[in-house]
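Visitor: need coordinates for the following:
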Amino acid sequence: MVNTFDRLRLSDEEKSILATLTLGYKKAMSRDTKRRFSLAGVSHILAVSGFHVAVICGFLSFFCSFMPRWGIGRWVRYLILVGSLWGFVFITGLAPSAVRAALMLSLYLTGRALRRITDGYNTWAAAAFCMLAYNPYYLFDVGFQLSYLAVFFILFLVPRFKEWIVVRNPLLAMPWEWITVSVAAQIGTALLCFYYFGQFSTVFLFTNLPVTLLTMFLIPFTFLWLGYPVDFYGYDWIQKIVEGLVHGMVRVVDVFSALPYATITGHFSLFETLGGYGFLVLCLIYMKIREPKVLLTALTLLLVISVKILIERF
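Guide: Have a look, this model is predicted:
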């Protein structure tokens, strides 16, 4: 199927990006391409993750919306969505982040099909339990750690961001939703990025919105193009849309990755990383219960980490 991309009027680099986005095929991608996406703060787009699974689920839900939501139609719709999600996850190599998303969405869809109220934290915890029960070594996988931390901080922080800044304009509500999700995910994963990769993008807030929007349409249009008969009317138009979306994404990444100070470099030790997350968790607890002792403990922990860093540096 990867060879099918040769029909596209794209450069080899753009074809490798498209193959990575849709099929999880990374062998053809160069280190320079990965570096530019990392500098632009959108390297998560290149790893098949919860975002990709959510996009597939969203478009499948749209196409299944004509089906009745009661009786046998509800269960047929459920089986189509869950089966397609897991089919996509298997095709793309069962990445931990994609498995996490498929599990959470499967639990959510099951709850909806059974007419039950679903809770984000319970779904998040149940998915983690299932994965770790199957393979405890998932706990040491970078993708697993980044994925679950990002989702937890999204679940906790996004509702609070929306309470602090209320956006009622429908034209601004969706961009604000994406911004809050992006900021929350970056807060949750920043320390791990420094620990594992030694860098953090400063332009992620400007690149995530356009790249996410382009990818949201690119993934379904690519699968539509792959399954569309070559001789049928409209094939050329679908191909042009796919090519245009890829060109636009690469252009955005190239512009922002070339900016000066597009990334902050540094390395956190294990103690600093764990201490930093301890500080963040205490801050989240304080936001929830407003207990001064919790805030004092968080600031004390931050002071200890800062003193240790100063001693080591100077």
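
Visitor: give me the number of residues near Leu132?
Guide: 13 (other CB atoms under 10 Å). Just so you know, the C-beta spots here come from the backbone N, C-alpha and C atoms, and that holds for glycine as well.

Visitor: which SS class is it?
Guide: At Leu132 the chain is in helix, as set by DSSP: H, G, I helix; E, B strand; the rest coil.

Visitor: what distance separates stretch 126-144 from the centre of its chain?
Guide: 17 Å (CA atoms, centre = their mean, to the nearest Å).

Visitor: tell me the pLDDT of the most centrally placed residue in the chain.
Guide: In the chain, the residue lying closest to the centroid (CA atoms, centre = their mean) is Phe51, at 4.3 Å. pLDDT, Phe51: 77.

Visitor: what does the strand or helix carrying it rub up against?
Guide: When elements are assigned from DSSP states H and E, Phe51 belongs to helix 50-63. Helix 50-63 has contacts (CB atoms under 8 Å, 6 or more residues apart in numbering) with 21, 44-45, 80-81, 84-85, 88-89, 92, 97-98, 100-102, 104-105, 147, 151, 212, 215-216, 219-220.

Visitor: report the buried residues of it.
Guide: For helix 50-63, burial by neighbour count (16 or more other CB atoms under 10 Å) applies to 50-57, 59-60.

Visitor: ok, now stretch 241-253?
Guide: Residues 241-243, 245-246, 249-250, 252-253 are the ones in stretch 241-253 that count as buried (16+ other CB under 10 Å).

Visitor: give me the subset of the residues you listed lying in helices.
Guide: Within those, residues falling in helices by DSSP state H are 241-243, 245-246, 249-250, 252-253.

Visitor: residue contacts, Ala150?
Guide: Contacts of Ala150 by CB under 8 Å, 6+ apart are 184-185, 188-189.

Visitor: how many neighbours does Cys303 have?
Guide: Careful, residue 303 is Leu; it's not Cys. Around Leu303 there are 11 residues (other CB under 10 Å).

Visitor: pLDDT of stretch 261-272, averaged?
Guide: 84.

Visitor: oops, could you answer that again for stretch 170-181 instead?
Guide: On average, stretch 170-181 scores 83.

Visitor: so what's Cys193 closest to, chain neighbours aside?
Guide: In space, and not counting its chain neighbours, Cys193 is closest to Phe200: 5.1 Å by CB to CB, 6 or more residues apart in numbering.

Visitor: which helix or which strand is home to the one you found?
Guide: Phe200 belongs to strand 199-201, assigned by DSSP H and E.

Visitor: off-centre distance for stretch 229-240?
Guide: On CA atoms, centre = their mean, the centre of stretch 229-240 falls 30 Å from that of its chain.

Visitor: in that stretch, which residues are buried?
Guide: 238-239.

Visitor: after the helix-or-strand element of the chain with minimal mean pLDDT comes which helix or strand?
Guide: The weakest-scoring helix or strand in the chain, judged by mean pLDDT, DSSP states H and E, is helix 50-63 (a mean of 79). Next helix or strand after helix 50-63 toward the C-terminus (DSSP H and E): helix 71-91.

Visitor: buried residues, that following helix. List them.
Guide: Result for helix 71-91 [16+ other CB under 10 Å]: buried residues 74, 77-78, 81-82, 85-86, 88-89.

Visitor: got it, and stretch 156-176?
Guide: Buried, per 16+ other CB under 10 Å, within stretch 156-176: 156-158.

Visitor: quick one: contacts of it?
Guide: By CB under 8 Å, 6+ apart, stretch 156-176 touches 177, 180-181, 183-184, 187-188, 209, 284, 287.

Visitor: give me the buried entries from these.
Guide: Applying 16+ other CB under 10 Å to the contacts of stretch 156-176 flags 180-181, 183-184, 187-188, 209, 284 as buried.

Visitor: closest to Asp236 among the residues you listed?
Guide: Leu209 (29.5 Å; CB to CB).

Visitor: hmm, who's touching whichever strand or helix holds the closest one?
Guide: Assigned by DSSP H and E, Leu209 belongs to helix 204-227. With CB under 8 Å, 6+ apart as the test, helix 204-227 has contacts from 1, 4, 18, 21-22, 40-42, 45, 51-52, 55-56, 58-59, 175, 178-179, 182-183, 186, 201, 235, 238-239, 241-242, 245-246, 248-249, 252-253, 256.

Visitor: go again using 7 Å as the cut-off
Guide: 1, 4, 18, 21-22, 40-42, 45, 52, 55-56, 59, 175, 178-179, 182-183, 186, 238-239, 241-242, 245-246, 248-249, 252-253, 256 (CB atoms under 7 Å, 6 or more residues apart in numbering).
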